[in-house]
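Undergrad: whatever this is, show me its structure:
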Amino acid sequence: MHLTALFDLSLIGRADNAALEYYDSGGNLEALTFGQVEARANQMAHELCARGLTQGDRLCVHLANRIEFIDLFLACVRLGVIFVPMNALYRERELRHIVSDCDPKAVVMSRGSDAVYPDGAVLWPVEDLIEDATKRPTTRLLVPLDGDAPAIIVYTSGTTGAAKGAVLSHNNLAANGVNLVSCWRITDADRYLAVLPLFHVHGLGNGLHCWLISGCRMRLAERFDQRTAGSLFAEFAPTLFFGVPTMYVRLLDAAVISDGDAKAIGSRARLFVSGSAPLPAHVLEAFRERYGHTILERYGMSESLMIISNPYEGERRAGTVGFPLPGVSVRLVDTDDARVADGDVGEVQVQSPAQCGGYWRRADATVAAFTDGWFRTGDLAVRSADGYYTLRGRRGDMIISGGFNIYPREIEELLLEDSRVREAAVVGAAHPVRGEIVIAYIVAEESLDDAVLAERCRAQLASFKAPHAFIRVDALPRTALGKVQKHLLPPWKP
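TA: Numbers count the residues shown, from 1 in each chain. Got it, this is the predicted structure:
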């Protein structure tokens, strides 16, 4: 079954039901029924066809959360056009790589964007698309598709720093969405507050799909803003919220939401879910005390979508991510791919109907990612005797800051482009709010000002990747074979 047929449970079956609340460009709150969402998607599909897009073409979308992101996604899904979301914070370096790699017909962006796109890229300002789409018919355009047809390409970096495009099919996304709606008991009676970025699989593959499959009511915000979080929760009264640990830390701040308001929010809510980074046990306990809810922590990744989840019914054990979801097989193995015993740490390997088939135009990376049909996640975990999984870090040195994955090699390579930097090593340091922040250790000429490096990083990388501090060292510790031993670097002191 392709995604449009699954989404029709709401787009057609609940056409008259309230579907979506969103803020327009002027900051005014607008509302749509599912039938109106369907009509907008049809108009956008006609517009994309008129601009020459056909099945199998790629369309890059570089937008923050807004209604047109949904229009474009639904239009691409029904036309068989492969949707390629790009992080709204990405800058020239990252955009250049993704656009050159997936070779899209066009990039949809905001006319006011200050991002620098590759020379030769066809740019479609979303404002022009909106104006042109409103003149198109609302009749449905639908290309017959097999469930194994690619639906989206999500770019995710590896330890080499080169972003790879994970190709997720209609079947992958459908299996994931149906699992979550079922296991987390999401129904059309829910009210989902969507603050996660739609360019990320957490916001798109989980949030948006659960909304469309269940037929619940969704309020779309551009982003999570702690200054307005209290009023947003109070006004919309969500029953369902997906967030990352950083958001939950902010919600525990009494200056953001008072104890009384927290209790009121909790009394109206049904489920709070956390993912994209480990949730500290003390945050779960503090949230339960203030809001009267135990956050449901789960584990997934771009290539596999949701893998493991704490139960909706039963113990949501602090510090763990729970059990494999229905249809998902997980094994923990040692370096020889032999299963480890309960209580021992091993690499998480996965088989799942939501597992991507491979990476876009990267046969080498696809082969390396699988062993005997099992996907190598690179994450380490331990399983308890009663089946709960607890993550124990990563085989690689990926940094997770505010729910975003950061791969040190990419930053190191940028720093080394300056001839005055002889060596560079980037690591993550613990941070009470963001989980981790980026610290760069460099061997460089004394004449090089750290401010120059900082500005270079801010100009060419997303803001969350910019190093928080630069630490000067005489040399990087290395093995006899020349590999940097990051664990021997001097500790960073705030």
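Undergrad: ok, longest helix in this structure?
TA: Counting by DSSP state H, the longest helix found in the chain is helix 34-50.
Undergrad: return the distance of that helix from the chain's centre.
TA: The chain centroid and the centroid of helix 34-50 are separated by 25 Å under Cα atoms, centre = their mean, to the nearest Å.
Undergrad: buried set for it?
TA: Within helix 34-50, the residues scored as buried using 16 or more other Cβ atoms under 10 Å are 34-49. Where you see a C-beta, it was placed from the backbone N, CA and C, and this is true even at glycine.
Undergrad: stretch 19-33 too?
TA: Result for stretch 19-33 [16+ other Cβ under 10 Å]: buried residues Ala19, Leu20, Glu21, Tyr22, Tyr23, Leu32, Thr33.
Undergrad: what residues are up against the fifth one?
TA: Tyr23 sits next to Leu29, Glu30, Leu220, Ala221, Glu222 when contact means Cβ atoms under 8 Å, 6 or more residues apart in numbering.
Undergrad: redo that, cut-off 6 Å
TA: Leu29 (Cβ atoms under 6 Å, 6 or more residues apart in numbering).
Undergrad: that one and Gly215: what is the separation?
TA: As judged by Cβ to Cβ, to the nearest Å, Tyr23 and Gly215 stand 22 Å apart.
Undergrad: returning to that earlier point: of all pairs in the buried residues of stretch 19-33, which one is the farthest apart?
TA: Farthest-apart pair in the buried residues of stretch 19-33 is Tyr23 and Thr33; separation 17.6 Å (Cβ to Cβ).
Undergrad: tell me the SS of Val348?
TA: Under the three-state scheme (DSSP: H, G, I helix; E, B strand; the rest coil), Val348 adopts strand.
Undergrad: thought it was touching Phe375?
TA: No - contact criterion Cβ atoms under 6 Å: Val348 and Phe375 do not qualify, at 9.0 Å.
Undergrad: neighbour-wise, which of these two wins?
TA: Using other Cβ atoms under 10 Å as the criterion, Val348 and Phe375 rank with Val348 on top: 28 against 20.
Undergrad: quick revisit: what is the next helix or strand after the longest helix of the chain packed up against?
TA: Later in the chain than helix 34-50, the nearest helix or strand by DSSP states H and E is strand 58-62. The elements that strand 58-62 packs onto, with contact taken as 3 or more Cβ pairs under 6 Å, 6 or more residues apart in numbering; DSSP states H and E, are strand 82-85, strand 106-109.
Undergrad: closest one to Arg316 among those?
TA: That would be strand 82-85 among the helices and strands packed on strand 58-62, by Cβ to Cβ, at 29.9 Å.
Undergrad: just for the stretch 101-250 of the chain, where's the confidence low?
TA: By pLDDT under 70, the low-scoring segments of the stretch 101-250 of the chain are 157-162.
Undergrad: and Thr156, bridged to which residues?
TA: With DSSP bridges as the criterion, Thr156 is bridged to Lys164.
Undergrad: from Arg290, how far off is the residue nearest the centre of the chain?
TA: Geometric centre of the chain, nearest residue: His200, 2.8 Å, by Cα atoms, centre = their mean. Computed as Cβ to Cβ, the His200 to Arg290 distance reads 26 Å.
Undergrad: buried ones in the host helix or strand of Val452?
TA: Val452 is part of helix 450-460 when elements are defined by DSSP H and E. Applying a neighbour-count criterion of 16+ other Cβ under 10 Å, the buried positions in helix 450-460 are Leu453, Ala454, Cys457, Gln460.
Undergrad: cool, and stretch 414-424?
TA: Quick answer for stretch 414-424 (16+ other Cβ under 10 Å): Leu414, Leu415, Asp418, Val421, Glu423, Ala424.
Undergrad: likewise stretch 332-343?
TA: In stretch 332-343, counting by 16+ other Cβ under 10 Å, buried: Leu332, Val333, Val340.
Undergrad: would you turn the residues you listed into TSV with secondary structure?
TA: Listed next are the buried residues of stretch 332-343 as TSV, based on three-state DSSP:
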residue	secondary structure
Leu332	strand
Val333	strand
Val340	coil
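Undergrad: so for stretch 454-461, mean pLDDT?
TA: For stretch 454-461, mean pLDDT is 94.
Undergrad: which residues are in contact with that stretch?
TA: In contact with stretch 454-461 (Cβ under 6 Å, 6+ apart) are residues Arg91, Glu92, Arg93, Ala466.
Undergrad: now for the residues you listed: which two are most distant?
TA: Glu92 and Ala466 (13.9 Å).
Undergrad: setting aside sequence neighbours, what's the nearest residue to Arg472?
TA: Ile442 (6.3 Å; Cβ to Cβ, 6 or more residues apart in numbering).
Undergrad: in the strand or helix carrying the one you found, which residues are buried?
TA: For Ile442, the enclosing helix or strand under DSSP H and E is strand 435-444. For strand 435-444, burial by neighbour count (16+ other Cβ under 10 Å) applies to Gly435, Glu436, Ile437, Val438, Ile439, Ala440, Tyr441, Ile442, Ala444.
Undergrad: so the fourth one bridges to which residues?
TA: It refers to Val438. Gly428.
Undergrad: that one against Pro467, yeah?
TA: Yes - look at Val438 against Pro467 with Cβ under 6 Å: they come within range, at 4.7 Å.
Undergrad: picking that back up, and Glu92 and Ala466? Which one has more around it.
TA: Neighbours around Glu92 and Ala466, counted as other Cβ under 10 Å, are more numerous at Ala466. The numbers are 20 against 14.
Undergrad: what's the separation between the more buried one and Ile98?
TA: Counting by Cβ to Cβ - Ala466 and Ile98 are separated by 19 Å.
Undergrad: and Asp334, by the same measure?
TA: In terms of Cβ to Cβ, Asp334 sits 35 Å off from Ile98.
Undergrad: can you check Glu313 too?
TA: In terms of Cβ to Cβ, Glu313 sits 41 Å off from Ile98.
Undergrad: so which of the two has more stuff around it?
TA: Taking other Cβ under 10 Å, Glu313 and Ile98 do not tie; Ile98 has more neighbours (23 against 7).
Undergrad: ramachandran angles for the more buried one?
TA: Taking degrees, to the nearest 10, you get phi -60, psi -50 for the backbone angles of Ile98.
Undergrad: ok, the residue nearest to it when sequence neighbours are not counted - contacts?
TA: Ranked by Cβ to Cβ, 6+ apart and with sequence neighbours excluded, the top spatial neighbour of Ile98 is Tyr155, at 5.4 Å. Residues counted as contacts of Tyr155 (Cβ under 6 Å, 6+ apart) are Ile98, Ala163, Gly165.
Undergrad: cool, and Phe224?
TA: Contacts of Phe224 (Cβ under 6 Å, 6+ apart): Val195, Met247.
Undergrad: distance check, it against Gln355.
TA: Taking Cβ to Cβ, one finds Phe224 at 29 Å from Gln355.
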